[in-house]
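1. sequence plus the predicted model coming up.
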Amino acid sequence: MTSDLVSPRKRDRKPAQELSPEQAAAAAMVAEAKARGLALTGPDGLLKLFTKNVLETALNEEMTEHLGHEKNQANPDRESTNVRNGTRPKTVISDAAGEVRIEVPRDRESTFEPQIVKKRQRRLTEVDEIVLSLYAKGMTTGEISAHFAEIYGSSVSKETISRITDKVVAEMQEWSNRPLDTAYAAVFIDAIYVKVRDGQVANRPVYAAIGVTIDGHKDVLGLWMGTGSEGAKFWMSVLIDLKNRGIRDVFFLVCDGLKGLPEVVTNVWPQTIVQTCIVHLIRNTFRLVSRRDWEAVKRDIKPIYTAPSPDAAAVALDEFEEKWGAKH
C-alpha cells in the first residue's frame, strides 16, 4: 500500500533537489498526516514533541558538559561554585514542526553558552533532519552523531555528542515501547514508501499506525521500518506488537485492500470491523469509469461520503445511481 497523497504519475517525477532520507521521511509523514487529518504536526503533533525532546535533551547535556557534573551530583570539593539555576522558556521556529516551546537550562553565574540553540536564536536550521534521523528506524548512532557534529562543529566534545545520542535514542525506544490504551475507537494503518540510503538508495516501507482514543484524541501508536514490498505478514507483527503493548480491542480498523490484511486483523482482534479507507474506495471508483467522466463522478460521489447521517447518505447514493446507473 502506498501513500494516498500523490498519484503514481507524480511519484515518478524526479524532485528538483535530492532529499536526504530524513527529509524524505519528514515530507512523507507530514503529507500523510495532512491528508488524513492526523496529528503529526500542529500544536500536539508528534514531530513537535520529538523536536522538543531532542532539543531539551541536547541542551541539558550541554549544561552537564559546561558544569562538569550531572544535575544534583556536584563534587563538594570542586573549585567552581557554579550550579544549575532552573530553566527559562523559549519558543523556536522549525520549518517542519512550526513553533516549538522549549525549556532552556540556566546556570547561576550565567556563563552557559548553548550551541544547538544559541542565545537569541529563534529559527532552527538542520535540527528537523536530526530529529527525524534520531527517531527513524534503520539509522545508526554513528550517522546520528555525524548530524550533531555538523551542528556543533568542534565546540563540543565527542563525549557530549555521544551522551546526547544515547539519551535521545533511549527516549525514542521508551516512546516506541510505551503502554497503550486497552481500547481504541479506530486505528488507521498504512505504509509510506520513502527513499533510504543503505549502501544504495532504495524504496522502503514505513508502517504507520494511528489510533483514535475513546475520547476522540488521535495518537501515533508507532512507526516501523520494513524491507521490500509491503505485506500482510509484516502487518501481523505490527498488530501483535500493538496488542502486546496493551490494546485489547479496536472497534474499527481502517486500511486499504491489501491481500490477506483483513484475515490478519481478525486473528489479532476477532471482533474488530475492518473498513476500507475512503480514499482507496474513491480511487477504486475511478477505475470503473472513463477518464472523461472523472470530474463529474468526483463531484456527484462526494455527497455520499460527506453526508451527515446514514439516511442522507442513502438518499445521495440513490441519486448517484439514478444518474450514473444506466451508463455504468
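-> Okay, I see it.
2. so which elements touch the helix or strand hosting residue 189?
-> In the assignment (DSSP states H and E), residue 189 maps to strand 183-198. For strand 183-198, the helices and strands in contact under the criterion 3 or more Cβ pairs under 8 Å, 6 or more residues apart in numbering; DSSP states H and E are helix 21-36, strand 200-212, helix 232-244, strand 249-255. All C-beta spots, glycine's among them, are computed from the backbone N, C-alpha and C.
3. what do you get if the cut-off is 7 Å, keeping everything else the same?
-> Under the contact criterion of 3 or more Cβ pairs under 7 Å, 6 or more residues apart in numbering; DSSP states H and E, the helices and strands touching strand 183-198 comprise helix 21-36, strand 200-212, strand 249-255.
4. now the weakest link among the ones you listed, please, by mean pLDDT.
-> For the helices and strands packed on strand 183-198, the weakest mean pLDDT is recorded on helix 21-36, namely a mean of 55.
5. what strands line up against the strand holding residue 189, and which way round?
-> Next to strand 183-198 in the sheet, as set by DSSP bridges, lie strand 200-212 (antiparallel), strand 249-255 (parallel).
6. ok, which of these comes nearest residue 321?
-> Within those, the stretch nearest residue 321 is strand 249-255; the backing value is 24.9 Å (Cβ to Cβ).
7. torsion angles phi and psi at residue 316?
-> As for residue 316, its main-chain torsions (degrees, to the nearest 10) stand at phi -60, psi -40.
8. does it touch residue 307 like I think?
-> Yes. When contacts are counted by Cβ atoms under 7 Å, residue 316 is listed as touching residue 307 (5.5 Å).
9. could you list the low-pLDDT ranges of the stretch 101-250 of the chain?
-> Low-confidence segments of the stretch 101-250 of the chain, defined by pLDDT under 70: 125-145, 147-158, 160-161, 197-199.
10. which of the residues in the strand holding residue 189 are buried?
-> Neighbour-count burial for strand 183-198, with 16 or more other Cβ atoms under 10 Å as criterion, is recorded at 184, 186-196.
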